[in-house]
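**Student:** With the sequence up front, the predicted model follows.
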Amino acid sequence: MAAVPEPPAAPSEAPAPSPASGPAASPAPAPAPSPAPAPSPAPSPTPSPTLKVEPADGPAENHRPGPGAAAQAPAQPPAPPAGPGPKLPDKQTLLAVLQFLKKNHFKEAEEILRKEANLQDSLDESLLRAAGQRGADSVHQPDVSSVLSAYSNEGDPSLYEEYYTGLKGFIETALDAFKAELSTLLYPVFVHLYLELVYNQHEREARHFFHKYHGDQEGYYHDDLRVLAGLSKKEHMQGNETVLDFRTSKFVLRISRDSYQCLKRHLQERHNNQIWNIVQEHLFIDVFDGMPRSKQQIEVTSGGMAGEAKREANKTKVFFGLLKEPEIELPLDDEDEEGENEEGKPKKKKPKKDSLGAKSKKQDPNAPPQNRIPLPELKDSDKLDKIMVMKEATKRVKLGPDCLPSICFYTFLNAYQGLTAVDFTDDSSLIAGGFADSTVRVWSVTPKKLRSVKGATDLSLIDKESEDVLERIMDEKTACEFKMLLGHGGPVYGTSFSPDRNYLLSSSEDGTVRLWSLQTFTCLVGYKGHNYPVWDTQFSPYGYYFISGGHDRVARLWVTDHYQPLRIFSGHLSDVTCTRFHPNSNYVVTGSADRTIRLWDVLNGNCVRILTGHKGPIHSLVFSPNGRYLASGATDGRILLWDIGHGLLVGELKGHTDTVYALKFSRDGEILASGSMDHTVKIWDTVKAFEDLETDDFSTATGHINLPDNSQELLLGSYMTKSTPVIGLHFTRRNLLLSAGAYNPL
Amino acid sequence: MAEEKKLKISNTLLPTESMKVIAEATGISQLSEETCQSLTEEVSYRIKELAQDALKYMHHGKRKKLTTVDIDCALKLKNVEPLYGFHAQEFIPFRYASGGGRELHFYEEKEVDLSDIINTPLPRVPLDVCLKAHWLSIEGVQPAIPENPPPEQQKVESTEPLKVIKPGQEEEGQAKGKGQGSAATDGKGKDKKKSLLDGGIMKLKPRTTHELSVEQQLYYKEITEACVGSCEAKRAEALQSIATDPGLYQMLPRFSTFISEGVRVNVVQNNLALLIYLMRMVKALMDNPTLYLEKYLHELIPAVVTCIVSRQLCLRPDVDNHWALRDFAARLMAQICKNFSTTTNNIQSRITKTFTKSWLDDKTPWTTRYGCIAGLAELGHDVIKTLIIQRLQIEGERIRTVLDGPVVSNIDKIGADHVQSLLLKHCAPVVAKIRSIPDNQESYKTDYGYLGPMLCTHVVKARAQAAMQAQQVNRTTLTITQPRPTLTISQSPQMSRAPSIIKVPSSITVPMQTLVTARPSTPTQPSSPATKFIMMSSASGSSTTQQPRPTLTISQNPQSSQPSTSPSIFKVPSSITLPMQTLLTRPSTPTQSSPSPTNYIVMSSSSGSSSTQQVSQWEYGIDSWSRQWLPDLRFV
């Protein structure tokens, strides 16, 4: 790892387009002919500014205009000498930079800049205030104008095509080894050239440019291209989120040093300022040493809206191990086993106890400290439940290629309104369905009917000391097989049971997450925070915490007894479509319509993994029971397997022909079940998939991944339903696979 | 990705007229063109944005179809009030009208009589959502229960090298396995389970057809009654139901038995009408894409074959048209062969053998004979060529003895008559294909005996008819229509129908030279028009009317004694004289008048495998031809 210096850390790499070089370099009166910009004097303390979309996030908001406005300076080919009395826009730029420096406590740099810019403090202050006001005025889209202004440097519109074809021609004639890597450059350059044309109101040229070259771009960018195709006016750019994404985030490319040198040489030789500016301002080129990657290697990890993940983004250590199970004494009088033969009984018990004990006593080296995040204490009922889990675990079917799980399919009939979400309780006794008509329905699939607690007056009559008080508080009259929960004002897109089966969460189009009591079957809390549809929600495996993610591009971490979120995870460039807790509850993973998956640390809210490789919006995520692997499914019908520890893609399962909406590992993790819109449940052999993993240091360090194409070997079974899309999957504690979906006769 | 399709994004805009219309509708008139232009751009952009947002809702709603609700949600997202009242589930509620050069989409609002609504009884409350559990798979094997899709839908899957055994096969073992909750047999031979099966053999139920639910029984009763009842409208509906309903898998054994028993009884009673109805049921069952009849062929094939070859199918064989039933059943049989014949069950060869055997038998009555021939003829041109045409002479003799000889019985005479027309009908297209022009009565007579002359007439008629048809089809384009018999270099010096034929007594080079010289004679044209050949395949459904002919054949008649290098003769039958002239004259006339710079010469050729050889011949002809004078030859 150390052998690969990052561009910002290596000042000798003069034109290294580090994100930090912008703000730091711009004020310096560097009259450098633009292709060779000033060396970046200091690496920024925030090398990858994950821009918070949330306005509540103070520093981020002020931070944003900084790099955007500052980036303007190097963009103008001969940098204007910062003489006395600069024009107003320049002054504002300077002020923005000053503000930025001040904020980040770069006292010396600030001082020098002040001196060089001949700015009086007093004037400075007033202007600062004005600038602040200006910022306040444009609260609605605080960053748009400043961000877009980077496009204002105007070139001859007719030359843009030449720029692009020049680059394309260069890439085509480049050495084969570099070609694959360099061709990743085409898409971002294409987009930015196009946006620049649009911004400068060369409508006709822009359209012509787009239509001539959009066919060159890779298939997985089509969705974004479709959005961009509609743009033809500068005004359209104002509210367009995709454009904002391109502006606010740098497109990340991973390129080997050789390829990069080759590119640099070409751009310098040709004095291709326009391309060079784009490369500098809008792209982040993650240069690594070593062999250039092949087309296939690039292919597997590309597809994200903003390119690949930076390598450094996946360097943080992740504690993916499981937490130590609390020690619970197994009651010795095991009724269920009494029926079995007498002499086998004592023998059987011992090894079982040992194995269970050994498992829970040994601390997983990869596990987080037990108290890394506070977890709720176990109640008596939880302990009873844990004992049940252990008991059932001993009866678990050992699955494998020779022993496939039986699948029980729960079909929702007459669901004309549309079933949009399904969840099962861990003990498989309840099923919750979220519907497009705003209702949530809970079914009991065991003979035990659903009963609600009696009213207050009736409850006061109950003898609280009696043995069966828990039984007495239930109202027998309300017993029925299913209950309907009314309260949402829009389609319900996510449901999740609490681990203790007392609560149910539901998230809806109306922007709320609701907590329902399964004792009274009423709504307890409506958590408001997402102003837009909430696509998914899930309880932590330890209860108490839950996560939600929605159209507002953030995921929020909540606890049930606070009406405000504890953490806001922002960084996705598009809707957060699904959210899942890690089995140890210290991490959450979110999938997004920007085709990336991010892993967040619950403790500090940091993004610790960015996983790219999907070619469509992600709609399902699941952790393996041991916490080490992650499976994800997307609209492209592919399932990808990830190693969380290394942040690497380790497998690809092809077979589904439509969006994968449900994924689940078996209880021991040997089998992965997937359910899809194509009406099938497929069973995959994960033991084999994880068997010979390439987790050697080389691939870990470089991210060079060679995926074996063995989907067919890993596919153990495919079961078709009768026109029922599969949207829910669950393994019972004995490894019976439950699946659910609404029959759709069309 | 290599397999990625190239993206084609077209920046479609709404027409500016729409803006005008909408503006007028809201009371704003006199919008300037400029305003319209910018409006349409803005509106188009916003609509696209909306559609993209609405797609998100569709994906999260786990649907494949975008609904109006999705659009409403997308509007809400943009802080725009949704369009209330457009909750159409299935269709776009717009009607289209055009006239006076205007096209209009409008929302049809019918006048509703309130009293009608008030007086109609309330509709039934829709059923509430309910949950139903079933086994999708039991230890890796999908049980064949009604909740699971019928095996034929999974045929594709079962052919894949999965470890799952074919659900269809499993069904046979189900009689055994049913006792264990249809845990079924296991192809992998798991010892543990085998022993379980052996141990549990006492519990095995005898093989029974499974119970139908009350609804299914009712349905069965309704359908069968309608199918054989007297009301034709009802029957049509019932057959429609059989042909389209996806859930009939359960009842298939019943239907199959119903048909086979029905045929058995009605053949004895000579009830022609009922036999026809039953055959129509078979057809409907075959038409149903969700049913896979392979398991029931042992019942259906005898029934169908009975209807083809039975000695007597009706009470008055001299009057009733049982021939139609035989034809229909023969077509069904051919369809069955096509759909289900495999190398293992060999249906087609077995059926062919059966037909041939009874046809060859001298004692076979004319009705059965007719059926056999019909059955064989429907199996395709190859069968006709190899089996029927070979026997034309013998069969002709037999017919002659009945028709020309002393009147034995009227019934025989009718029978022979039908056989004759059947043979002519089926053989003519095939003969037309294997024989080349000229259609000479004499040679036909020598080749095919008694039927020869008649066959010759049929062949000629067939060719002419095909030519006519194709001509009509392609009238609008500049065409050589139906060039099938157009240019034939034949080495037979004989001409039977001289007056109708244009004789070009020189070799093929003459017209070509004309064409070549014609081109330089139009120097005013900047560039020579590209001539394209459009190959039309005129595949019409019934095999009887179609006479696929080679288009341009350089035929090498083996009978001809002349060497092929000798001057050949162009013979063009009368029906295609005109297109021929067009072909000859077209390139020589400058195309200034025509707006399109491209000449299209449309050639038709029959589709179908049997004619491929001729097509390639034809291509060869064109190719050598084109090299000399066609700049751009493309088959579109």
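**Tutor:** Here it is on my side, so go on. Residues are numbered from 1 along each chain as shown, chains lettered A, B, ... in the order given.
**Student:** Now do the contacts for the residue lying closest to B:Asp128 once chain neighbours are set aside.
**Tutor:** Spatially, and ignoring its direct neighbours in sequence, B:Asp128 is nearest to A:Asn414 (6.4 Å; CB to CB, 6 or more residues apart in numbering or on different chains). No exception for glycine: its C-beta is placed from N, CA and C like everyone else's. By CB atoms under 8 Å, 6 or more residues apart in numbering or on different chains, the contact list for A:Asn414 reads B:Pro126, B:Leu127, B:Asp128, B:Val129, B:Cys130.
**Student:** okay if I get those as a markdown table plus secondary structure and distance to A:Asn200?
**Tutor:** Below are the contacts of A:Asn414 laid out as a markdown table (DSSP: H, G, I helix; E, B strand; the rest coil; distance: CB to CB, whole Å):
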| residue | secondary structure | distance to A:Asn200 |
| --- | --- | --- |
| B:Pro126 | coil | 57 |
| B:Leu127 | coil | 60 |
| B:Asp128 | coil | 59 |
| B:Val129 | coil | 55 |
| B:Cys130 | strand | 60 |
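**Student:** Out of those, who's the most crowded?
**Tutor:** With neighbours defined as other CB atoms under 10 Å in any protein chain shown, the most crowded of the contacts of A:Asn414 is B:Val129; it has 21 neighbours.
**Student:** so that one makes contact with A:Phe435?
**Tutor:** Yes: between B:Val129 and A:Phe435 there is a contact under CB atoms under 8 Å: 7.4 Å.
**Student:** any shared contact partners between those two?
**Tutor:** The contact sets of B:Val129 and A:Phe435 overlap at A:Ala415, A:Gln417, A:Arg441 (CB under 8 Å, 6+ apart).
**Student:** Any idea which residue of the stretch 151-300 of chain A lies closest to chain B?
**Tutor:** Per CB to the nearest CB, A:Gly219 is where the stretch 151-300 of chain A lies closest to chain B, at 3.6 Å.
**Student:** which residues in the stretch 401-550 of chain A form helices?
**Tutor:** Counting by DSSP state H, counting those that start in this stretch, the stretch 401-550 of chain A has helices at residues A:456-460, A:469-472.
**Student:** B:Phe106 in helix, strand or coil?
**Tutor:** strand (DSSP: H, G, I helix; E, B strand; the rest coil).
**Student:** Name the nearest residue to it, ignoring sequence neighbours.
**Tutor:** B:Arg95 is the one closest to B:Phe106 (CB to CB, 6+ apart), at 5.7 Å.
**Student:** which regions of chain A lie under the pLDDT threshold?
**Tutor:** Applying pLDDT under 70 to chain A flags residues A:1-92, A:117-155, A:271-272, A:329-363, A:692-705, A:746.
**Student:** Nearest to chain B: which residue in it?
**Tutor:** For chain A, CB to the nearest CB, closest residue to chain B: A:Leu404, 3.2 Å.
**Student:** if I read this right, that residue contacts A:Ile683, doesn't it?
**Tutor:** Yes: in this structure A:Leu404 lies within contact range of A:Ile683 using CB under 8 Å: 6.0 Å.
**Student:** anything in contact with each of the two?
**Tutor:** Common contacts of A:Leu404 and A:Ile683 (CB under 8 Å, 6+ apart): A:Ile671, A:Leu716, A:Gly717, B:Gly140.
**Student:** Of the helices of the stretch 401-550 of chain A, which is nearest A:Leu375?
**Tutor:** helix A:469-472 (24.9 Å; CB to CB).
**Student:** Ignoring the adjacent residues along the chain, who's closest to the residue of chain B found nearest chain A?
**Tutor:** Relative to chain A, the nearest point of chain B is B:Gly140 (3.2 Å; CB to the nearest CB). Leaving aside its chain neighbours, B:Gly140 sits nearest to A:Leu404 (3.2 Å; criterion: CB to CB, 6+ apart).
**Student:** Contact partners for that neighbour?
**Tutor:** A:Ile671, A:Ile683, A:Leu716, A:Gly717, B:Ser137, B:Glu139, B:Gly140.
**Student:** Extract the C-alpha trace of the helix or strand where the fourth one lies and format it as CSV.
**Tutor:** So the one you mean is A:Gly717. In this assignment (DSSP states H and E), A:Gly717 forms part of strand A:715-720. Listed next in CSV are the C-alpha coordinates belonging to strand A:715-720 (Å, rounded to 0.1, in the frame of the first residue of the first chain):
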residue,chain,number,x,y,z
LEU,A,715,-26.5,-21.9,-9.5
LEU,A,716,-28.0,-24.8,-7.6
GLY,A,717,-31.6,-24.4,-8.5
SER,A,718,-34.1,-22.1,-10.1
TYR,A,719,-37.7,-22.3,-9.3
MET,A,720,-40.3,-20.5,-11.2
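**Student:** Which SSE is immediately downstream of it?
**Tutor:** Trace forward from strand A:715-720 with DSSP H and E and the next one is strand A:728-731.
**Student:** Starting from that following strand, tell me which strands it pairs with and how they run.
**Tutor:** Under the criterion DSSP bridges, strand A:728-731 sits next to strand A:737-742 (antiparallel) in its sheet.
**Student:** then the partner strand to PDB, C-alphas only?
**Tutor:** Provided in PDB are the C-alpha atoms of strand A:737-742 (Å, rounded to 0.1, in the frame of the first residue of the first chain):
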ATOM      1  CA  LEU A 737     -36.700 -21.000   2.800                       C
ATOM      2  CA  LEU A 738     -39.700 -18.800   2.900                       C
ATOM      3  CA  SER A 739     -40.500 -16.500   0.000                       C
ATOM      4  CA  ALA A 740     -43.300 -14.100  -0.700                       C
ATOM      5  CA  GLY A 741     -44.700 -12.100  -3.500                       C
ATOM      6  CA  ALA A 742     -48.000 -10.900  -4.900                       C
END
